[in-house]
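Student: Here is a sequence with its predicted model. Questions after.
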Amino acid sequence: MDSSSLARLDQVSRHPLIAKGVRSIRIVLDFYAAELGEGFYGLFPYFQQKMWRVVREWRSLEDEQDTERNETARSAAIARIGNLFASWYKFAMQVPDSYLDDQDRADIQLLRRAQDLYCQAYLEQQQMRFSGDFSRAVAKAIARMPVARSLVFTDHDKFVERRSASLTEDTESPGLLIANIIRPMTWCDADIYRISSEPVEQLTQIPLVLHRAGVVLENINYQVAPCGGCARLVVHGEDHTHLKAAMQGLKSFTFWPYAVRYSFLADDDYELRQLMEFVSTCTDTDSIQDISVNMAFLWPRLEMARLSAGSLLLTREWPRLRRIRFRGTLRFSELRKFYAWSRGQVEVFLDHVRLISGSWADVLDIMRENTRAGTRWSGISSARGAEYDNMSYQQRLIGSFNVPYFDSICICNTYIRGLQPFNPFRYIGEVDNGSSDTDSE
């Protein structure tokens, strides 16, 4: 969220050829945190923790194929970072200037410069956020691109992340080292460090401004979710009405935060209700054809979840819906009601679902009954709960119940797709017992 990124978007939107071919806009909502921009003692401890994480990753990547040159460069970078931390510690402990060497003084000056630049970037970001300049600039640019009708909200720039390995060179240059220190924060990092100033309002404000500009969105993909509570996603009054209107042309809706939540929520019931309110508002349209929703991020450990998120499947009927991918907690009764109104017209994939009532055997049966022959999409992956929790390690291997990818073929999915006649959750115990008897003879 800075003026340079907006300038690049504006330039692309005005290009006579490129603008006509842009179909999707990726909006990176990494941010400068208030907690780090308000004093010299805020930014560097955060950078210190982040750098040690990078160092640990480096060490985990080391293998026999690592060249001596890479190993030497990494060692030098780690030593440089360690010296920087030592200079910071001396400053924080108010070590007298007479005890500082030239390198310490240079490092402290570098850190002061980094803090000043971070504060400037933070103030620019806040002005754009709360004046509405950021969302208006994005909307104007998208409106100039005739086929750009898809939005992806994320919190990290994958092109910047690819440079993480180049930190070995960055440590040799003060300018590049400063750039690394003041890099904006991802929402995942915000959760780790208990920071809740991420720009959540942009997730609803940008679609609202686009709607007012006459842009009809067809696809929207939320890859982020607020760490400080899902109530911040919910809009009220006229904004709620306009957000529903902004989504009326939607064909595909994805809410799939990729960040791992580290913090526990005080009231998961309230959080779930707020999140479902947001998702149901966005999907309250007859035009929707494809829905992917991940509710599992609410719980750091899915097995501790006690509430079902499956009622989201029942918020309304979607006459044009063709596919739904769901991750979270589910009751069998909710899935049965969903199939009752969809009448087998919707392909369903249950990805990392924890069943909190009913049985997986019944889930597979009803999915098979409602899956069209020849489909390669409907199925399950990484089942949890119900009888799965009582299966032995050998039984899980036979059934391939933990195949991680939604398009993978395992014995459960061959049954659901009509490729073999046996429900593995009903027969896996007999198969396993039979194998054991044979081995004992």
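Tutor: Thanks, I have it.
Student: for Ser24, phi and psi?
Tutor: phi -130, psi 140 (degrees, to the nearest 10).
Student: List the contacts of it.
Tutor: Residues in contact with Ser24 (CB atoms under 8 Å, 6 or more residues apart in numbering) are 148, 150-152, 219. Any C-beta I mention is one placed from the backbone N, CA and C, and that applies to glycine too.
Student: Next, the buried residues of stretch 330-347.
Tutor: 330-332, 334-335, 338-339, 342, 346-347 (16 or more other CB atoms under 10 Å).
Student: hmm, back to that, of the contacts of Ser24, which belong to helices?
Tutor: When DSSP state H defines the helices, the subset of these inside them is empty.
Student: Closest to Ala79 out of the residues you listed?
Tutor: Nearest to Ala79 out of the contacts of Ser24 is Val152 (CB to CB; 39.3 Å).
Student: roughly how far apart are the closest one and Arg8?
Tutor: 16 Å (CB to CB, to the nearest Å).
Student: Which one of these two is surrounded by more residues?
Tutor: Val152 (15 against 11; other CB atoms under 10 Å).
Student: For that one, list the residues it contacts.
Tutor: Neighbour list for Val152: 24-27, 221, 223 [criterion: CB under 8 Å, 6+ apart].
Student: what about 6 Å?
Tutor: Taking CB atoms under 6 Å, 6 or more residues apart in numbering, we find Val152 in contact with 26, 221.
Student: ok, Arg384 touching Arg354?
Tutor: Yes. Arg384 lies in contact with Arg354 (CB atoms under 6 Å); the separation is 4.0 Å.
Student: now the helices: where do they sit in the stretch 101-250 of the chain?
Tutor: Using DSSP state H, counting those that start in this stretch, the helices of the stretch 101-250 of the chain run over 102-131, 133-143, 158-161, 167-170, 174-181, 187-192, 202-212, 237-246.
Student: ok, now how distant is the closest residue to Pro421 other than its chain neighbours from Ala148?
Tutor: Nearest residue to Pro421, sequence neighbours excluded (CB to CB, 6 or more residues apart in numbering): Tyr415, at 7.7 Å. Computed as CB to CB, the Tyr415 to Ala148 distance reads 42 Å.
Student: Next: Met367.
Tutor: 36 Å.
Student: Over to Glu201?
Tutor: For Glu201, the distance to Ala148 - CB to CB - is 22 Å.
Student: ok, those two, which is more surrounded?
Tutor: Shown here are Glu201 and Ala148; by other CB under 10 Å, Ala148 has more neighbours (23 against 18).
Student: Show me the strands in this protein, by range?
Tutor: Per DSSP state E, the chain carries strands over the ranges 24-28, 150-154, 219-222, 252-255, 290-294, 323-331, 347-357, 379-381, 384-385.
Student: TSV for those, including distance to His236?
Tutor: Listed next are the strands of the chain as TSV, based on distance: least, CB to CB, whole Å:
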stretch	distance to His236
strand 24-28	23
strand 150-154	21
strand 219-222	19
strand 252-255	19
strand 290-294	22
strand 323-331	25
strand 347-357	31
strand 379-381	37
strand 384-385	35
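Student: Redo the ones you listed as JSON lines? Include distance to Pro421 and mean pLDDT.
Tutor: Output for these, formatted as JSON lines (distance: least, CB to CB, whole Å; pLDDT from 0 to 100):
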{"stretch": "strand 24-28", "distance to Pro421": "42", "mean pLDDT": "95"}
{"stretch": "strand 150-154", "distance to Pro421": "41", "mean pLDDT": "96"}
{"stretch": "strand 219-222", "distance to Pro421": "38", "mean pLDDT": "97"}
{"stretch": "strand 252-255", "distance to Pro421": "34", "mean pLDDT": "96"}
{"stretch": "strand 290-294", "distance to Pro421": "30", "mean pLDDT": "95"}
{"stretch": "strand 323-331", "distance to Pro421": "25", "mean pLDDT": "93"}
{"stretch": "strand 347-357", "distance to Pro421": "21", "mean pLDDT": "92"}
{"stretch": "strand 379-381", "distance to Pro421": "16", "mean pLDDT": "90"}
{"stretch": "strand 384-385", "distance to Pro421": "25", "mean pLDDT": "88"}
